[in-house]
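1. give me the fold of what follows.
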Amino acid sequence: MKVGLTVLERMAVLSTLPKEGSFITLKVLREMIQRVGFTAEELQKFEIKEKEGKAEWNIKGNDPVEFEFSDIELDIIRKQFKKLDSENKLVQEMFSTYEKFCT
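-> Alright, predicted model coming up:
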């Protein structure tokens, strides 16, 4: 499945991924983090900076970048978002990302 993600949505995906799991899950996570994470070129292009514990970027970061997700990756992402939802731990910044993956 192809999904267009903004800088904020990419950060939401990365922040919700599990920190532990089976060997296979960790291998899938490693590959997904490398793909969805930001390259040095993107950090410059979007002017991503951390200021007082919060990330900031320029308006170019609002333009979605398209990513292809496998069924396994989608399952991991959906489980994490649905877990946060069931625990009432979703935050406003995750809203559009949740919609893209879970509705």
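2. report the buried residues of whichever strand or helix holds E41.
-> If you go by DSSP states H and E, E41 is part of helix 40-45. Using 16 or more other Cβ atoms under 10 Å as the test for burial, helix 40-45 gives E42. In this view, the C-beta of every residue, glycine as well, is placed from N, C-alpha and C.
3. ok, stretch 85-98 next?
-> Residues 90, 94, 97-98 are the ones in stretch 85-98 that count as buried (16+ other Cβ under 10 Å).
4. which ones among those lie within helices?
-> 97-98 (DSSP state H).
5. and which of the buried residues of stretch 85-98 is nearest to G4?
-> G4 lies nearest to T97 out of the buried residues of stretch 85-98, by Cβ to Cβ, at 11.0 Å.
6. how far away from the center of its chain is the helix or strand that the helix holding E41 is followed by?
-> Next in sequence after helix 40-45, counting helices and strands by DSSP H and E, comes strand 49-51. Its chain's C-alpha centre and that of strand 49-51 lie 18 Å apart, by Cα atoms, centre = their mean, to the nearest Å.
7. do the same with stretch 77-87
-> How far stretch 77-87 lies from its chain's middle: 13 Å, per Cα atoms, centre = their mean.
8. what mean pLDDT does the helix holding E41 get?
-> For helix 40-45, mean pLDDT is 96.
9. pull the CA atoms of it into PDB?
-> What follows is helix 40-45, C-alpha atoms only, in PDB (Å, rounded to 0.1, in the frame of the first residue of the first chain):
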ATOM      1  CA  ALA A  40      20.600  14.200   5.700                       C
ATOM      2  CA  GLU A  41      19.300  15.800   2.500                       C
ATOM      3  CA  GLU A  42      15.700  15.900   3.800                       C
ATOM      4  CA  LEU A  43      16.900  17.400   7.100                       C
ATOM      5  CA  GLN A  44      18.300  20.300   5.100                       C
ATOM      6  CA  LYS A  45      15.500  20.500   2.600                       C
END
